[in-house]
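Peer 1: I'd like to go over a predicted model; first the sequence, then the structure.
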Amino acid sequence: MKTQVCIIGGGPSGLLIAQLLHLKGIETILLEKHTREYVLSRIRAGVLEHGFAALMREAQCGERMDREGEIHEGFFIAHDDRLDRMDLHKHSGGNSVLVYGQTELTRDLYEARERLHGAVIHNVEDVRLHDLESASPHVTYSVGGATERIDCDYVVGADGFHGVSRKSIPADVLKEHEKIYPFGWLGILSRTKPVSPELIYAKHERGFALCSLRSQVLSRYYIQVPLSDAVEDWSDEAFWAELKRRLPSQVAQQMITGPSIEKSIAPLRSFVAEPMRYGNLFLAGDAAHIVPPTGARGLNSAASDIYYLYHAMLAHYQRGDDSGLNGYSAKALKRIWKAQRFSWWMTTLLHTFPDNSSYDKRLQQTELDYLLSSEAAQRSLAENYVGLPF
Ligand code: APR
Ligand code: PHB
């Protein structure tokens, strides 16, 4: 087989760039190791920056997102038995975020790919990238026991943190930066009315908690737990009781509890791989970077990768201009590191760190006091949370 751009990974990053390129007549083939059902079974965060939402609309995939998504113009920080609202709309010059589940967003992207009869090959195994430094790289993989080959101009590695693409960059070229946090997030999904119309990020001596939502009938809650915890250690009743302990009493009293329909623990890490280009391989999304979920930057970090790569490939195919491709890695990393900083800052601000000294704890409290008392600090938070410009 031959195509112009071979995309590895059928998550939101791979599907979005496939859709954008396809709409401009650029041929793509997308390879995904799992089934579509498996991909759509993943529970992920659901806060979209306005830049990501705009890309979805440009990809002709924004109709249900705009119909069912909720515009949020602020969120709350809970601390010392009280709530303080961060006014994103006011402090970002009129911007907001869209709350819309990533599972639904990925479903919309798959359906759009199908409508355009875009090629998605599922259940691929043993994907290998070849001759990346040549002008004609190719990808081999096996499916149903047969080995296949795709010749292409470019490979987009959108295969996530555990994918093959980043690992195809030689060790003497690739530089990885990582920070592991000493705790995880235990999250549940429940068919209950959310306790608050806007998200609540809670700082408490017992640990961080987050009240989020997928819709007015589907709630998403998290509590910080030690890395030694296993999901089996947490009954639904134990989860609800601990969540309430970490929230202001006025919120805890209004909490509607119910059985969990999904419950899992995720570790928190910050990770960046550099460079994001090697020959004719371009990394995008989780394949190149991971953030702790505190700042809701995960999918949104992928947005600028996709935006830059899409426009760079368009310039190449339409005008023979390779400046975007040549500048992709440096430009993408510049914005990625700002998302890394913000995610690290929010995580450090709101979580309980077991090894913090008394000085660290006072400094953390002072950081929160400064945020709550400074419009300049709230403007900084707001511009990062709604999304820095591409
Ligand atoms: N071959 C083909 N597909 C692969 C391979 C491989 N060797 N390895 C992984 N994949 C697939 C995975 O099955 C997954 O569907 O690549 C896809 C990568 O998707 P994500 O991990 O969701 O990464 P991305 O599309 O960049 O989306 C980033 O996902 O993890 C969240 O917080 C993150 O919200 C962010 C978003
Ligand atoms: C979520 O709804 O899953 C969510 C929202 C905001 C975050 C993290 C996760 O910062």
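Peer 2: Good, I have the coordinates. Ligands and ions are numbered 1, 2, ... in the order given.

Peer 1: and the residue of the stretch 101-250 of the chain closest to ligand 2?
Peer 2: Using Cβ to the nearest ligand atom, the closest approach of the stretch 101-250 of the chain to ligand 2 is made by S212 at 3.3 Å. (Each C-beta comes from the backbone N, C-alpha and C, glycine too.)

Peer 1: which strand or helix spans that residue?
Peer 2: Using DSSP states H and E, S212 sits within strand 209-215.

Peer 1: who does that strand pair up with?
Peer 2: Sheet pairing of strand 209-215 (DSSP bridges) gives strand 200-202 (antiparallel), strand 218-225 (antiparallel).

Peer 1: could I get those strands as TSV with mean pLDDT and distance to G157?
Peer 2: As requested, the strands paired with strand 209-215 are exported to TSV (pLDDT from 0 to 100; distance: least, Cβ to Cβ, whole Å):
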stretch	mean pLDDT	distance to G157
strand 200-202	98	32
strand 218-225	97	29
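
Peer 1: okay, those in JSON lines with mean neighbour count and distance to E242 next?
Peer 2: Formatted as JSON lines, these follow (neighbours: other Cβ atoms under 10 Å; distance: least, Cβ to Cβ, whole Å):
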{"stretch": "strand 200-202", "mean neighbour count": "22", "distance to E242": "11"}
{"stretch": "strand 218-225", "mean neighbour count": "23", "distance to E242": "6"}
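
Peer 1: and the residue of the stretch 101-250 of the chain closest to ligand 2, how many neighbours does it have?
Peer 2: 23 (other Cβ atoms under 10 Å).

Peer 1: does it touch Y201 like I think?
Peer 2: No - applying Cβ atoms under 8 Å as the test, S212 and Y201 come out as separate, 9.3 Å apart.

Peer 1: now P194: how far from Y359?
Peer 2: 37 Å (Cβ to Cβ, to the nearest Å).

Peer 1: between those two, which is the more surrounded one?
Peer 2: P194 (24 against 8).

Peer 1: need the contact list for that one.
Peer 2: The contact partners of P194, by Cβ atoms under 8 Å, 6 or more residues apart in numbering, come to C211, S212, L213, Q216, S219.

Peer 1: if I look at the residue lying closest to the fourth one once chain neighbours are set aside, what pLDDT would I see?
Peer 2: Leaving aside its chain neighbours, Q216 sits nearest to K193 (6.4 Å; criterion: Cβ to Cβ, 6 or more residues apart in numbering). For K193, the pLDDT comes out at 98.

Peer 1: SS state for the closest residue to ligand 1 within the stretch 51-200 of the chain?
Peer 2: Nearest residue of the stretch 51-200 of the chain to ligand 1: G160, at 2.7 Å (Cβ to the nearest ligand atom). When classified by DSSP: H, G, I helix; E, B strand; the rest coil, G160 comes out as coil.

Peer 1: coming back round to it: which strand residues bridge the residue of the stretch 101-250 of the chain closest to ligand 2?
Peer 2: Residues in beta-bridge contact with S212 (DSSP bridges): R220.
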